[in-house]
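>>> Quick one: sequence plus predicted model below, questions after.
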Amino acid sequence: MGRGPGPRRGPGPGRRGPGLGSGSGPGPRQRQRQRQGSRSDQGPAAGPSAPQRSRKERKMDNLKPKHPDEQEIPFRLRELIRSREAMKHPSRGKRPAAEKKKQPKSEGPKAPGDIPVPKFRRGKGESEHSYICRMEQEVQRVLFLTKNQLQREPEKEGMAPQKSKRKKEFQNKKLEKARKKKEEKKEAMLEKRLFQDKVAFGEVVTQPPTITSRPRGQGPTEKAGQKQLLLTSRLGQSQASPVSPAVPMSMARRRIVEEERARVIQAYRDIQRRKQKQREAAQGSAWAKCRVPS
């Protein structure tokens, strides 16, 4: 009664059925499967060091497990569990190395005549009989060497360990340097003490000190002119004797001496004047040569 003739819903021109012709695209489930397949194909080859896998192995990855209740633990998870166990018990993997370190090493001969003490250890796969025989042979050999050994006195043979030559030189240099430094310090203290005057409180000085004693190792001082020099004997008695008083000159002798003195002075002045003129003439010619013509 209330329904009228309306348009029917059906596959119109804008809709496509699930199985219409070759132009229909894949459904959502098919697209999801294609994506998963492409991811599984590209997954192992994504890393740079991933090995090439065959097509059969890649197909096996996408198969469902045979026993869903018994799935294998992933490799990364196993590595994580193993690393945690190693952190909890760090001494498990280091036991062989620790045992090797604890084993005492056989000490070699300390002196040229010492016989090394043998240390026995049963080898791997060695029978008990062969092990005992080997120990017996080694003991007999050590006893034989001990009996035939020369008489020794280890108390007297014990010598202090000799230091190397280089170490001795270094120590000698160090000691020499310390000794020089000590001597320099001592000299500096002595010099400072010598140049230091002890002045009493309230002491006043108005003049320099007077020398009252003669220096050690020196004889009596001689006055100037009275020393016995080597040159004094060669000069003669006349020059070494004191100068005699001047003899009074006459008027004529005095006039001749004064005229001679005036003549010498005038000649000296003429020579100096002539040299001055020659010097001025040379300078004038030099200025004339250097002057540029206009």
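Yes, it's here. Numbering: from 1, shown residues only.

>>> On the three-state scheme, residue 166 is what?
helix (DSSP: H, G, I helix; E, B strand; the rest coil).

>>> quick one: it and residue 180, what's the gap?
Look at residue 166 and residue 180: by CB to CB, to the nearest Å, they are 21 Å apart. Any C-beta I mention is one placed from the backbone N, CA and C, and that applies to glycine too.

>>> what do you get for residue 75?
In terms of CB to CB, residue 75 sits 75 Å off from residue 180.

>>> For this structure, which segments count as helices?
28-42, 55-61, 75-88, 95-102, 128-147, 154-157, 165-194, 230-235, 237-240, 251-290 (DSSP state H).

>>> count of neighbours near residue 72?
9 (other CB atoms under 10 Å).

>>> Give me the pLDDT for residue 215.
We have a pLDDT of 74 for residue 215.

>>> what's the answer for residue 153, then?
Residue 153 is given a pLDDT of 68.

>>> Pull stretch 188-204 out as PDB, backbone CA atoms only.
Provided in PDB are the C-alpha atoms of stretch 188-204 (Å, rounded to 0.1, in the frame of the first residue of the first chain):
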ATOM      1  CA  ALA A 188     126.100  31.300  47.500                       C
ATOM      2  CA  MET A 189     125.400  31.200  51.200                       C
ATOM      3  CA  LEU A 190     129.100  31.900  52.000                       C
ATOM      4  CA  GLU A 191     129.200  34.800  49.600                       C
ATOM      5  CA  LYS A 192     126.100  36.300  51.100                       C
ATOM      6  CA  ARG A 193     127.500  35.900  54.600                       C
ATOM      7  CA  LEU A 194     130.800  37.600  53.600                       C
ATOM      8  CA  PHE A 195     129.100  40.700  52.100                       C
ATOM      9  CA  GLN A 196     126.800  41.100  55.100                       C
ATOM     10  CA  ASP A 197     127.900  43.500  57.900                       C
ATOM     11  CA  LYS A 198     126.600  43.000  61.400                       C
ATOM     12  CA  VAL A 199     125.600  46.500  62.700                       C
ATOM     13  CA  ALA A 200     124.900  46.800  66.400                       C
ATOM     14  CA  PHE A 201     121.800  48.700  67.500                       C
ATOM     15  CA  GLY A 202     122.400  52.400  67.800                       C
ATOM     16  CA  GLU A 203     125.800  52.300  66.000                       C
ATOM     17  CA  VAL A 204     126.700  55.500  64.000                       C
END
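
>>> quick check: mean pLDDT across it?
On average, stretch 188-204 scores 85.

>>> Compute the distance between residue 127 and residue 134, please.
For residue 127 relative to residue 134 (CB to CB), the value is 10 Å.

>>> residue contacts, residue 143?
Going by CB atoms under 8 Å, 6 or more residues apart in numbering, residue 143 touches no other residue.

>>> helices and strands of this protein: which one has the lowest mean pLDDT?
Least confident element among the helices and strands of the chain, by mean pLDDT, DSSP states H and E: helix 237-240 (a mean of 50).

>>> which stretches of the stretch 151-294 of the chain have low pLDDT?
153-163, 218-227, 230-231, 233-246, 291-294 (pLDDT under 70).

>>> Thanks a lot, catch you later.
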